[in-house]
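Visitor: below is the sequence, then the predicted model.
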Amino acid sequence: MSQAPDPESDPRSAPESPLGLVPGVDYPAPTGQLDADPSAWPLEKIDPSDALLFEHDQIWGWFERLRKENPVHHTAESFFGPYWSITKFDDIVTVEKDPETYRSHPSITIGDVDPDFPISPGFIAMDGERHVRHRKTVAPVVAPRNLKRMEPIIRERVDAILDSLPIGETFDWVDAVSIELTTAMLATMFDFPYDERRSLTHWSDVATTSPAQVGASGQTEEERRAELLECLARFKELKAERTGSGHGIDFVSMIANGPEMQDLEDLEYLGTLILLIVGGNDTTRNSISGGVLALNENPAEYDKLRANPDLIPNMVSEIIRWQTPLAHMRRTAAKDTELGGKRIERGDKVVMWYVSANRDETVIPRADEFLIDRENVRTHLSFGWGKHFCVGSRVAEMQLKILWEEIMARYEMVEVVGDPVRVRSNFVKGFTELPVKLHAK
């Protein structure tokens with residue numbers, strides 16, 4: 001068995017580390033876990049928040065060990081401070097079902113709200129009646145009746161995107177399909193100017209930039225804030241235009257005219273917008289890319305799909321489980337409590353690692369296998385559980401279903417022809433590039 005390196009002296013913490021870092025930016029120090037043997041690492045020093053593990057797709061052994069040996073695990077020291085990792089399915093459900101003990105406020109990510117730029121995460125980080133009221137205000141946009149109205153629009157846009165793609169030439173699936181489709185859908189749900197739709201994707205990326213990423217492209221925290229304020233300014237214009245106008249069923253109109261959301265301050269409005277943009281962009285976008293990669297890595301499943309396209313609805317749920325596009329959600333203990341035999345104290349961060357629970361073999365048989373004909377395929381936590389179950393789950397599933405129906409009508413295969421480039425983030429589990437080549441039928 002290999003020996004675990006000493007995190008204090010690991011060479012990855014050296015200044016010349018080739019991680020795309022920018023001098024002078026406050027990054028999380030490398031934990032030393034990258035390329036290490038999870039079974040040899042000191043259990044108490046395991047820190048699943050290391051974004052490099054996600055970027056290099058090395059998270060699985062760490063979570064497997066925690067599920068087996070310490071499913072309610074305390075990390076005493078990390079860039080984000082001390083926190084608890086909840087890694088098993090049933091324990092996460094226990095937390096989700098008890099919002100009085102495990103509160104969503106003030107943040108649903110392992111990181112804290114910046115006191116110098118306190119953007120609220122929106123109603124997802126609210127508790128009690130205020131959460132219910134705000135959620136109900138925007139819910140009609142993604143309700144079944146409105147989705148039925150939008151379905152032909154989605155199919156028309158999917159057709160246009162797929163028909164524009166080159167056959168037999170390498171291109172980036174993330175940009176040409178995953179981003180383009182989800183951005184088009186976001187523009188529809190916000191009734192946002194269609195020729196400005198790429199701004200939505202950009203703001204989503206800016207909003208979800210982790211401390212491990214800030215500056216990696218030369219962007220400072222000040223520049224990031226300025227771009228988010230540009231987002232706020234543009235949406236304040238749209239809100240003013242639609243207030244009292246009876247404009248329609250879109251997110252901006254519902255917020256502008258919903259009596260329950262008139263108490264929003266500017267940064268709360270921005271937080272609500274970011275919540276809806278990220279919820280509509282990152283989850284679907286990364287499941288679109290993740291599904292193509294999963295089918296290529298599991299060719300027998302691609303054969304099943306070609307033989308029986310009726311498996312598409314079932315496959316969509318399996319893709320969403322397999323990808324788990326948001327790796328975690330956080331709660332904060334409102335009182336002293338006990339979980340899994342561990343004492344959790346009031347104020348402690350409790351991080352629910354959905355990405356681990358979705359590979360929990362005690363609940364999901366053969367959880368480490370991608371199976372498009374899986375039974376009970378909706379048994380997963382990618383959309384959360386309980387009161388905070390994803391309000392847009394149906395629209396995500398509908399986009400993926402329509403996309404794969406149209407893919408199978410056109411192509412024998414979407415072939416991955418190069419290595420995927422993953423996001424350096426412990427929250428958004430996704431891709432920045434996926435080179436592919438299309439094979440026509």
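Guide: Yep, it's here.
Visitor: buried residues, stretch 434-441. List them.
Guide: For stretch 434-441, the buried set under the neighbour-count rule, 16 or more other Cβ atoms under 10 Å, comprises Leu434, Pro435, Val436, Lys437, Leu438. For glycine as for every other residue, the C-beta is placed from the backbone atoms N, C-alpha and C.
Visitor: if I look at the first one, how far off is Ile119?
Guide: Using Cβ to Cβ, to the nearest Å, we find Leu434 at a distance of 30 Å from Ile119.
Visitor: then the last one?
Guide: Using Cβ to Cβ, we find Leu438 at a distance of 40 Å from Ile119.
Visitor: with only the CA atoms kept, save stretch 298-305 in CSV.
Guide: Taking C-alpha atoms only, stretch 298-305 is exported to CSV below (Å, rounded to 0.1, in the frame of the first residue of the first chain):
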residue,chain,number,x,y,z
ASN,A,298,-20.3,2.6,-21.7
PRO,A,299,-20.7,1.4,-25.4
ALA,A,300,-23.0,-1.4,-24.4
GLU,A,301,-25.5,1.1,-23.1
TYR,A,302,-25.2,3.1,-26.4
ASP,A,303,-26.0,-0.2,-28.2
LYS,A,304,-29.1,-0.6,-26.0
LEU,A,305,-30.2,3.0,-26.9
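Visitor: so, low pLDDT: which residues of the stretch 201-350 of the chain?
Guide: Along the stretch 201-350 of the chain, segments meeting pLDDT under 70 span 210-219, 246-247.
Visitor: quick one: the strands in it, in order.
Guide: Along the stretch 201-350 of the chain, counting by DSSP state E, counting those that start in this stretch, strands occupy 328-333, 337-339, 342-344, 349-353.
Visitor: quick one: which of those strands is nearest Leu400?
Guide: strand 328-333 (21.2 Å; Cβ to Cβ).
Visitor: count of neighbours near the residue nearest to Ile288 when sequence neighbours are not counted?
Guide: If the residues on either side of it in the chain are set aside, Ile288 comes closest to Ser178, at 4.1 Å by Cβ to Cβ, 6 or more residues apart in numbering. Neighbours of Ser178 under the rule other Cβ atoms under 10 Å: 27.
Visitor: report the contact partners of Ser178.
Guide: Thr284, Arg285, Asn286, Ile288, Ser289, Phe431, Leu434 (Cβ atoms under 8 Å, 6 or more residues apart in numbering).
Visitor: got JSON lines for those residues, with distance to Thr188 too?
Guide: Compiled in JSON lines, the contacts of Ser178 are given as follows (distance: Cβ to Cβ, whole Å):
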{"residue": "Thr284", "distance to Thr188": "13"}
{"residue": "Arg285", "distance to Thr188": "15"}
{"residue": "Asn286", "distance to Thr188": "19"}
{"residue": "Ile288", "distance to Thr188": "16"}
{"residue": "Ser289", "distance to Thr188": "21"}
{"residue": "Phe431", "distance to Thr188": "23"}
{"residue": "Leu434", "distance to Thr188": "24"}
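Visitor: between the residues you listed, which is nearest Arg330?
Guide: Among the contacts of Ser178, and counting by Cβ to Cβ, the member closest to Arg330 is Asn286, at 19.4 Å.
Visitor: and that closest one, how many neighbours does it have?
Guide: Neighbours of Asn286 (other Cβ under 10 Å): 24.
Visitor: now do the one 3 residues further on
Guide: When neighbours are defined as other Cβ under 10 Å, Ser289 has 28 of them.
Visitor: what do you get for Arg422?
Guide: The number of residues packed near Arg422 is 20, by other Cβ under 10 Å.
Visitor: again, but for Arg306
Guide: Neighbours of Arg306 using other Cβ under 10 Å come to 15.
Visitor: how far away is it from Gln399?
Guide: For Arg306, the distance to Gln399 - Cβ to Cβ - is 21 Å.
Visitor: kindly report the same for Arg242.
Guide: Distance from Arg242 to Gln399, by Cβ to Cβ: 25 Å.
Visitor: the two: who's more crowded?
Guide: Gln399 (29 against 19).
Visitor: pretty sure that one contacts Thr183?
Guide: No. Look at Gln399 against Thr183 with Cβ atoms under 8 Å: they stay out of range, at 11.4 Å.
Visitor: so what's the residue count around the closest residue to Val278 other than its chain neighbours?
Guide: When the adjacent residues along the chain are set aside, Val278 lies closest to Ser204, with 5.2 Å between them (Cβ to Cβ, 6+ apart). Neighbour count of Ser204, defined by other Cβ under 10 Å: 25.
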